[in-house]
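Participant: The amino acid sequence is not available; the structure is as follows:
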């Protein structure tokens, strides 16, 4: 009996060690670079960088496109955290392989603030200042020079793909939209607008996933949880008194929260963490958004 208990205890310890040993990382970007940092080992006095991508050192990114990527706005992990998708208000979108740092996709997209990697290697970007007004645009990785679908979207700052629902959610200035995928296996795929919801506050800044049925979004004055099934917005109490939010990441199971807020005009040098509470400072980088890689 005692031997069985010892074996059981050893298995539990091994499982715990394998889970706890998984790195907890944040991807941040600003100016001309993208960083992945260890969020456990980093704080207000020192930052542990585990990965760095500098625009001028990306040899397979043409110089003509490098200028479009400064300053970097949003960088998010995609494809099971194996790639980093980067957008810039300077006018570009780039997909980078995390292991090799190889550039897999780049496109000139004016005022690109957010992007998402969709099935069949499609990339959707918001916002683009296309002819005729602001829009959300769809690209195929194999043809980055061609916009294969475009829909009007005023001041788009966030796009999130919900795999379980097969829906794309896009955040505009005062609305949240849901799109479905049409003709996805053809040469001319489309995003079909399904629903539009009016935001409870204006100036949408960021959109991210909470669960497979809910999203968190930030506006200039507050943050909101959107329950997809009930189609209801509710105030996000943990950020009730935080203004000028730029990005929000929330883990509902552990109650962990990571966010950024504008402190130097649009920018900041800090990433704020709650539960546990800490501030990670990067004084030499003008940050806009931060994204969690591993929860």
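Facilitator: Great, that's in hand. Nothing here was measured: the structure is a model prediction, and the numbers come from that model.

Participant: ok, the residue lying closest to residue 257 once chain neighbours are set aside to residue 255 distance?
Facilitator: Closest residue in space to residue 257, ignoring its immediate chain neighbours: residue 274 at 4.2 Å, by CB to CB, 6 or more residues apart in numbering. The way it works is simple: take the backbone N, C-alpha and C, and place the C-beta from them, glycine included. Plainly put, residue 274 is 8 Å away from residue 255 if you go by CB to CB, to the nearest Å.

Participant: distance of the closest residue to residue 238 other than its chain neighbours from residue 45?
Facilitator: Distance criterion CB to CB, 6+ apart; nearest residue to residue 238, sequence neighbours excluded, is residue 257 at 5.4 Å. Applying CB to CB, the value for residue 257 to residue 45 is 21 Å.

Participant: that older thread, using the three-state scheme, assign the residue nearest to residue 238.
Facilitator: Put simply, residue 257 is strand when judged by DSSP: H, G, I helix; E, B strand; the rest coil.

Participant: That one touches residue 242, doesn't it?
Facilitator: No - with contact defined as CB atoms under 8 Å, residue 257 does not count as touching residue 242 (10.2 Å).

Participant: Counting neighbours, go ahead and name the busier of those two.
Facilitator: Shown here are residue 257 and residue 242; by other CB atoms under 10 Å, residue 257 has more neighbours (21 against 16).

Participant: need the contact list for that one.
Facilitator: Residues near residue 257 by CB atoms under 8 Å, 6 or more residues apart in numbering: 238-239, 248-251, 273-275.

Participant: let's see 6 Å
Facilitator: The contact partners of residue 257, taken as CB atoms under 6 Å, 6 or more residues apart in numbering, are 238, 250, 274.

Participant: Of those, keep whichever come out buried.
Facilitator: 238, 250 (16 or more other CB atoms under 10 Å).

Participant: From residue 263, how far out is residue 31?
Facilitator: For residue 31 relative to residue 263 (CB to CB), the value is 16 Å.

Participant: Repeat that for residue 201.
Facilitator: Taking CB to CB, one finds residue 201 at 20 Å from residue 263.

Participant: swap in residue 278?
Facilitator: 17 Å.

Participant: can you check residue 70 too?
Facilitator: 20 Å.

Participant: okay, these two: which has more neighbours?
Facilitator: Neighbour comparison, residue 70 and residue 263: the larger count goes to residue 70, with 17 against 13 (by other CB under 10 Å).

Participant: Surely the more buried one and residue 90 touch.
Facilitator: Yes - using CB atoms under 6 Å, residue 70 is in contact with residue 90, at 5.1 Å.
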